[in-house]
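In: got a predicted structure here, sequence first:
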Amino acid sequence: MMRLVQWAVGIAIIVGGAWAFMSYRKRHTEVEPRYKTTPVEKATITAKVTATGTLSARVTVQVGSQVSGRLQEINVDYNSPVTKGQIIAKLDKRLFQAALASAIANQAQANGAIAKSKANLLQAERALERAENLAKEGLLNTSDLEVARAAREAAAADVVVSQGTLSQAAAQRSQAEVNIGFTTIVSPIDGIVLSRAVDVGQTVAASLQAPVLFTIAQDLKVIQVDTFVAEADVGKLKQGMDAIFTVDAYPGLKFKGKARDIRNAAQVVQNVVTYDAVLDVDNGELKLKPGMTANVTFVYAESRDVPSLPNAALRFKLPADAIASAAPGASASASASALGAGDSAAAGAVATPPPGGAAPTNRRGGPKRLAPEASDHKTVYVLRGETPVAVNIVTGVTDGTKTEILP
């Protein structure tokens with residue numbers, strides 16, 4: 001039994017020593033870093049702003065009724081072309097005609113009242129004249145003369161009241177005539193009927209606000225797109241900028257537009273601040289219809305056939321262990337102009353640097369990272385042999401995937 005225990009202890013010591021040796025060797029064995037390289041290639045880079053929007057007519061008018069009544073006649077329907085002044089609907093006007101007849105009668109009555117008051121004024125003036133003559137001869141006392149004068153003044157006031165009643169009756173007649181005119185509903189513009197909200201025989205009530213009967217678009221051959229541009233992108237847009245967009249109805253077609261206005265009024269959509277960029281669109285073929293959703297792309301910068309790098313190269317940062325293991329005295333840092341088409345890059349963006357010079361190193365002897373001087377200055381790493389070398393470059397246009405390298 002003692003011998004078995006000794007064998008077991010010996011085996012345990014051997015296994016533990018082997019494990020400790022392997023662990024020590026693993027911790028102290030240097031692993032050479034491996035870099036994934038990418039070439040610097042010439043490409044066309046287009047910087048874009050994308051947004052969604054809604055198509056609408058440039059001028060849309062909602063036609064309503066200013067008076068209440070029953071619809072007697074409707075002359076247009078959906079998509080009916082209309083011209084300015086064309087009769088599109090009529091209300092039953094019999095009640096309004098009765099109101100006009102009553103107003104005419106009231107006006108005639110007011111004319112009769114004013115004639116009567118003028119006659120009474122003439123009689124009062126003659127009575128006052130006789131009283132004044134008698135008073136001069138001493139045949140009439142002062143109180144009777146004052147009564148005659150008051151009667152004359154009262155008759156004159158009655159004439160003024162009658163004239164006011166006549167004016168009021170004339171205004172009521174004019175209002176009745178205007179209301180009769182409102183029973184005939186006409187189109188205010190040339191255009192096309194987008195919607196009709198009523199039918200013949202329906203009663204419309206215009207007590208608090210005018211009910212909408214028809215919606216008319218002025219001209220669908222010129223249409224507009226109201227796009228919702230995020231506040232982070234609105235600074236990249238300007239008036240006159242070209243844009244392209246697609247609609248779900250024609251997925252294979254691209255339509256062109258031009259920015260007419262970048263409106264200053266902010267709109268909050270799902271807690272996101274957006275601004276309305278209005279596009280003018282030629283719709284001569286009438287394919288586009290109001291209410292469609294447009295997927296809009298604004299092109300605000302474009303560079304053709306320029307050296308470029310993937311954006312992943314610009315985001316790469318050399319790990320600390322790679323910096324420590326980099327050989328001291330590495331080759332020179334390349335300038336941005338050295339990153340031409342055909343150069344290869346490591347760790348997401350490095351190109352072969354020009355010969356000569358010495359690479360800047362840190363205190364550990366590895367390549368020193370170059371601090372960018374501005375937001376358009378970036379640091380990438382080129383492989384010189386197996387050693388990464390930091391290079392400062394100036395970036396230009398980016399499309400989110402690739403970035404232009406400026407000379």
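Out: Good, I have the coordinates.
In: assign a three-state SS to residue 305, would you?
Out: Following DSSP: H, G, I helix; E, B strand; the rest coil, we place residue 305 in the strand state.
In: okay, now the nearest residue to it once chain neighbours are set aside: neighbour count?
Out: Nearest residue to residue 305 in three dimensions, chain neighbours excluded: residue 42, at 5.2 Å (C-beta to C-beta, 6 or more residues apart in numbering). Every residue, glycine included, has its C-beta placed from N, CA and C. For residue 42, the count of nearby residues is 13 (other C-beta atoms under 10 Å).
In: tell me the contacts of residue 42?
Out: For residue 42, the contacting residues are 305, 306, 307, 308, 341, by C-beta atoms under 8 Å, 6 or more residues apart in numbering.
In: what is the nearest of these to residue 79?
Out: Closest to residue 79 out of those is residue 305 (49.0 Å), distances taken as C-beta to C-beta.
In: quick one: that closest one from residue 41, how far?
Out: To residue 41, residue 305 is 10 Å away according to C-beta to C-beta, to the nearest Å.
In: more neighbours: which of the two?
Out: Legend: neighbour count by other C-beta under 10 Å for residue 305 and residue 41, higher for residue 41 (15 against 10).
In: quick one: that one from residue 186, how far?
Out: Applying C-beta to C-beta to residue 41 and residue 186 gives a distance of 65 Å.
In: also residue 6?
Out: 117 Å.
In: excluding chain neighbours, what is closest to residue 296?
Out: Closest to residue 296 by C-beta to C-beta, 6+ apart is residue 245, at 4.2 Å.
In: repeat for residue 255
Out: In this structure, residue 255 finds its nearest non-sequential neighbour in residue 245, 5.6 Å apart by C-beta to C-beta, 6+ apart.
In: so which of the contacts of residue 42 is the most crowded?
Out: Going by other C-beta under 10 Å, residue 308 tops these with 26 neighbours.
In: do I have it right that that one meets residue 38?
Out: No: Residue 308 is not in contact with residue 38 according to C-beta atoms under 8 Å; the separation is 10.5 Å.
In: what residues of the biggest strand by length in the chain count as buried?
Out: In the chain, taking DSSP state E as the definition, the longest strand is strand 250-269. Residues of strand 250-269 classed as buried by neighbour count (16 or more other C-beta atoms under 10 Å): 255, 257, 259, 260, 262.
In: run me through the strand neighbours of the following helix or strand past that strand, direction for each.
Out: Next in sequence after strand 250-269, counting helices and strands by DSSP states H and E, comes strand 272-282. Sheet pairing for strand 272-282, assigned by DSSP bridges, gives strand 222-230 (antiparallel), strand 250-269 (antiparallel).
In: from the chain's centre, how far out does the last one sit?
Out: Pointing back at strand 250-269 there. 8 Å (C-alpha atoms, centre = their mean, to the nearest Å).
In: also the shortest one?
Out: Chain-centre distance of strand 222-230: 6 Å, with C-alpha atoms, centre = their mean.
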